[in-house]
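J.: prediction below, plus the sequence it came from.
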Amino acid sequence: MSANRWRAAALLTGVAVAAAVVVAPQAQAHPDHGHGGGHSKDRVIGYFTNWGIYGRNFTVRDLDTSGTAARLTHLNYAFGFLDAQGNCVASDAWADYQKPFEAAQSVDGVADVAGQPLSGNLNQIRKLKKKYPKLRVLISLGGWSGSKYFSNAALTAESRKAHVKSCVDQWIKGNVAPGGAAAGVFDGIDLDWEWPNSTAGDPGNISRPEDKANYTKLMEEYRRQLPKGADLTAYLPANTREITSGFEVSKVLRLLTFGNLQGYDYHGAWDPTTNQQSGLRTAKGDPTPAPGFSTQVVVDAYVSRGAPRDKLVLGVPFFGRGWTGVANVNNGLYQKATGPAPATWEAGSEDYKVLKTKVGVGGYKVYRDEKAGHAWLYDGNNFWTYDDPTEIRRKARYINSQGLGGAMVWSLDADTSDGELIKALHRELSC
């Protein structure tokens with residue numbers, strides 16, 4: 001599985017309506033819920049994928065040895081799923097709480113033994129929290145392939161109550177593992193419903209016009225049932241079409257500890273023409289109809305709808321999007337392509353740690369648009385839009401200048417073994 005499968009391209013499966021976006025004055029601070037709210041540009045949230053322990057061989061221990069855990073305020077564990085009745089279930093029981101880890105893969109160097117109450121990633125996260133007691137860990141529910149039944153769960157007062165009770169029981173009280181063995185692992189819930197009242201999600205997702213109002217009601221139910229001090233966050237779309245159709249923005253942000261904005265997948269190989277996937281601003285030469293897709297467009301869209309800036313956390317990609325068969329014109333930017341570029345796990349999507357190794361090899365060169373704020377790699381045929389440490393630092397400075405609430409990373413397994421990107425992000429945010 002890959003970032004594309006979970007995050008991907010439905011964000012931009014149509015052209016956004018061209019409309020002027022008015023930036024509202026700084027919103028009044030809303031009451032904060034739980035931890036991590038208020039003015040906190042230093043928030044760093046990172047997604048850890050439960051499938052990363054397989055092909056990528058990326059374990060919870062790697063969060064420690066790379067220096068990543070020390071730089072995170074929140075760790076989002078992806079993903080928990082919903083069944084057809086809207087109840088919370090594990091998406092991979094083996095990875096979550098069954099797999100025994102050897103001593104070399106264990107956070108504290110102690111191997112799992114047969115019959116212990118909790119194994120798998122969740123036991124390793126518990127060990128990580130012991131070593132980093134300030135780290136908040138949230139279970140992320142849904143994702144690209146796990147959002148099919150959210151509409152059912154949110155449909156009525158009864159279904160909302162049952163859904164939230166199930167999720168609190170499974171993940172907060174720890175009953176996802178036998179005997180409640182996972183109690184205390186999670187400090188809150190991150191809702192990743194992609195997307196309410198939208199057909200742009202994974203094919204087969206259930207969608208209703210009522211989703212927009214029901215999303216708010218679902219968040220209200222979470223607030224009623226979550227323990228005092230628990231975090232409640234959400235993954236929020238970049239496309240103004242999905243924002244408008246699916247979210248009562250000001251109401252939702254009042255209920256959230258903070259919201260994670262999709263700051264990437266603005267473009268990808270689903271587009272016939274190369275472009276940036278995470279640029280800060282829309283370039284003048286961008287052929288996308290106005291206002292285009294950029295971080296500034298996304299932030300303005302939320303602020304203009306009543307979102308407080310300090311509750312908006314900007315998503316930053318630790319992966320790139322790529323095309324092949326790209327004409328050698330304009331260094332490959334805004335050129336027609338024949339399809340997605342070859343990659344390790346899925347064509348058109350590649351980890352930063354791999355893209356880094358291409359620089360200066362086989363004709364690859366790095367190009368930047370300093371004004372629009374994005375970078376790309378091009379070798380005369382293959383084009384990759386990605387963030388390196390220079391662009392990550394640029395995004396951190398943008399977060400600081402805009403008074404935003406921090407940065408969110410998708411996903412931590414795409415960084416180098418020594419945490420090159422997370423170090424650059426944390427250092428600049430802390431300035």
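T.: Structure's in. What do you need? Residues are numbered from 1 along each chain as shown.
J.: which residues does stretch 202-216 contact?
T.: 10, 144-145, 147-152, 154-155, 160, 193-194, 196-199, 201, 245-248, 251-252, 255 (CB atoms under 8 Å, 6 or more residues apart in numbering). Backbone N, C-alpha and C define where each C-beta goes, glycine included.
J.: what stretches of this structure score poorly on pLDDT?
T.: 1-40 (pLDDT under 70).
J.: related to what we said a few turns ago, just the ones of the contacts of stretch 202-216 in helices?
T.: F150, S151, N152, R160, S245, G246, K251, V252, L255 (DSSP state H).
J.: CSV for these, including neighbour count and distance to A341?
T.: Converted to CSV, the ones in helices among the contacts of stretch 202-216 look like this (neighbours: other CB atoms under 10 Å; distance: CB to CB, whole Å):
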residue, neighbour count, distance to A341
F150, 28, 32
S151, 21, 35
N152, 17, 38
R160, 22, 43
S245, 19, 32
G246, 23, 31
K251, 15, 41
V252, 24, 36
L255, 19, 40
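J.: quick one: list the elements packing against the top strand by length along the chain.
T.: The single longest strand within the chain, with elements called by DSSP state E, is strand 74-82. In terms of contacts (3 or more CB pairs under 8 Å, 6 or more residues apart in numbering; DSSP states H and E), strand 74-82 is packed against strand 44-49, strand 88-90, helix 120-131, strand 136-142, strand 188-192, strand 231-236.
J.: ok, the fifth one: who's next to it in the sheet?
T.: Note on strand 188-192: by DSSP bridges, its sheet partners are strand 136-142 (parallel), strand 231-236 (parallel).
J.: switch those strands over to JSON lines; also include mean neighbour count.
T.: Shown next, in JSON lines, are the strands paired with strand 188-192 (neighbours: other CB atoms under 10 Å):
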{"stretch": "strand 136-142", "mean neighbour count": "25"}
{"stretch": "strand 231-236", "mean neighbour count": "25"}
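J.: any chance of the ones you listed in JSON lines, with distance to D413 too?
T.: Listed next are the strands paired with strand 188-192 as JSON lines, based on distance: least, CB to CB, whole Å:
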{"stretch": "strand 136-142", "distance to D413": "15"}
{"stretch": "strand 231-236", "distance to D413": "18"}
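J.: figure out which of those strands is closest to E420.
T.: E420 lies closest, by CB to CB, to one member of the strands paired with strand 188-192: strand 136-142, at 23.4 Å.
J.: neighbouring contacts of that closest one?
T.: 35-36, 47, 73-82, 88, 125, 129, 150, 167, 171, 185-194, 231, 233, 235.
J.: could I get stretch 237-257 in CSV with only the CA atoms?
T.: The C-alpha atoms that make up stretch 237-257 are tabulated as CSV, following Å, rounded to 0.1, in the frame of the first residue of the first chain:
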residue,chain,number,x,y,z
PRO,A,237,-9.4,18.7,2.3
ALA,A,238,-7.6,21.2,0.1
ASN,A,239,-10.1,21.4,-2.7
THR,A,240,-12.6,24.2,-2.2
ARG,A,241,-15.3,22.1,-3.7
GLU,A,242,-14.9,19.5,-0.9
ILE,A,243,-14.6,22.2,1.7
THR,A,244,-17.8,23.9,0.6
SER,A,245,-19.9,20.7,0.2
GLY,A,246,-18.7,18.8,3.2
PHE,A,247,-17.8,21.0,6.1
GLU,A,248,-19.3,23.7,8.3
VAL,A,249,-15.9,25.0,8.8
SER,A,250,-16.3,27.5,11.7
LYS,A,251,-18.5,25.0,13.7
VAL,A,252,-16.1,22.1,13.1
LEU,A,253,-13.0,24.0,14.1
ARG,A,254,-14.6,25.1,17.4
LEU,A,255,-14.9,21.4,18.3
LEU,A,256,-11.4,20.4,17.2
THR,A,257,-8.2,20.6,19.1
